[in-house]
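Student: give me a model of this one.
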Amino acid sequence: MATEQASEGGLVFHPMDQFIVSPLFGDGAVHWYTPTNVTLWLALTVAAIAALLVLGTKQGRVVPGKTQSIAELAYGFVYKMVEDVSGRDGLKYFPYIMTLFMFILFANFLGLLPMAFTTTSHIAVTAILAMAVFLAVTILGFVLNGASFLGMFWVKSAPLALRPVLALIEVISYFVRPVSHSIRLAGNMTAGHAVIKVFAAFAGLAALSPLAILGVVAMYGLEILVCFIQAYVFTILTCVYLKDALHPHH
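Tutor: Okay, the predicted model is just below:
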């Protein structure tokens, strides 16, 4: 409706424009080697993580400062998650899971900055993360358990006549994991940011500006919570999948 009012001088906004991938230099086509806004914000995400975990803990004070406290809190939070969900056997894979959590968390939060680009709103990014987890736990499952890893698809507690059907369902659900894993994160990031953009567009109308500003503040607060929750959900599902690879018969 807003687009239809363009010719009449009405309100026009495009909430999905914020997710367009564009080159950093010039206006040419985007190729696989072209530096884009995605490239920039991915690099900023890595730099922010390094600043917190490397530079923030470089001095290693007994009484930590603010930056070191945040880094230690994140470390302890993820360590406890891995231990509780995957068991002590999963702690050897803690560095990868910690990296995954911090990358998604920082990418989500940096996307809330004005004029920023939310890299985790693109399925191309989240699908790579999800496929990496899927392939890693699948290969790990076969390396550690051999052919017995397939036993996780055979529900021994079910009646014998139902086991082949349940096995087919389990196999399908297993291969759907990277799809749901990636779409959940990208979908939530895209939806929240689009709604914020819609409220912000209505702030330009005098009659609606107070409600629009209130809506932006409310949605922004909600998105802060969603950014953390989505990083947590992605990571804890990774721990669940890791547990299946380590203990397929449990």
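Student: so is residue 196 in a helix, a strand, or just coil?
Tutor: Per DSSP: H, G, I helix; E, B strand; the rest coil, the local secondary structure of residue 196 is helix.
Student: neighbours around the closest residue to it other than its chain neighbours, how many?
Tutor: Of all residues not flanking residue 196 in the chain, residue 219 sits nearest, at 4.9 Å (Cβ to Cβ, 6 or more residues apart in numbering). For the C-beta atoms, the positions are set from N, CA and C on the backbone; glycine is no exception. Counted with other Cβ atoms under 10 Å, residues neighbouring residue 219 total 19.
Student: likewise the one 4 residues further on?
Tutor: The tally of other residues near residue 223 (other Cβ under 10 Å) stands at 23.
Student: need the contact list for residue 183.
Tutor: 123, 126 (Cβ atoms under 8 Å, 6 or more residues apart in numbering).
Student: against residue 82, how distant is it?
Tutor: As judged by Cβ to Cβ, to the nearest Å, residue 183 and residue 82 stand 24 Å apart.
Student: same question for residue 18.
Tutor: With the distance defined as Cβ to Cβ, residue 18 ends up 34 Å from residue 82.
Student: the more surrounded of the two?
Tutor: residue 82 (26 against 18).
Student: who are the contact partners of that one?
Tutor: Contacts of residue 82 (Cβ under 8 Å, 6+ apart): 90-91, 93-94, 97, 239, 242.
Student: let me have these in TSV, adding pLDDT, secondary structure and neighbour count as columns.
Tutor: Below are those laid out as TSV (pLDDT from 0 to 100; DSSP: H, G, I helix; E, B strand; the rest coil; neighbours: other Cβ atoms under 10 Å):
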residue	pLDDT	secondary structure	neighbour count
90	93	helix	21
91	94	helix	13
93	96	helix	19
94	96	helix	17
97	96	helix	23
239	96	helix	21
242	95	helix	24
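Student: and the residues you listed as CSV, adding distance to residue 167?
Tutor: Formatted as CSV, the contacts of residue 82 follow (distance: Cβ to Cβ, whole Å):
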residue, distance to residue 167
90, 26
91, 31
93, 27
94, 32
97, 29
239, 24
242, 22
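Student: residue 228 belongs to a helix?
Tutor: Yes - assigned with three-state DSSP, residue 228 falls within a helix.
Student: thought it was touching residue 105?
Tutor: Yes - counting by Cβ atoms under 8 Å, residue 228 does reach residue 105; the two are 6.7 Å apart.
Student: any idea how far the residue nearest to residue 196 is from residue 111?
Tutor: From residue 219 over to residue 111 the distance is 13 Å, taken as Cβ to Cβ.
Student: cool, residue 17 as well?
Tutor: To residue 111, residue 17 is 15 Å away according to Cβ to Cβ.
Student: do residue 193 as well
Tutor: Going from residue 193 to residue 111 by Cβ to Cβ gives 7 Å.
Student: what is in contact with those two at once?
Tutor: 118, 121.
Student: closest to residue 146 among the contacts of residue 82?
Tutor: Ranked by distance to residue 146 (Cβ to Cβ), the contacts of residue 82 are led by residue 242 at 17.6 Å.
Student: for the closest one, give me its contacts.
Tutor: Listed by Cβ under 8 Å, 6+ apart, the contact set of residue 242 reads 82, 85-86, 90, 93, 97, 137, 140.
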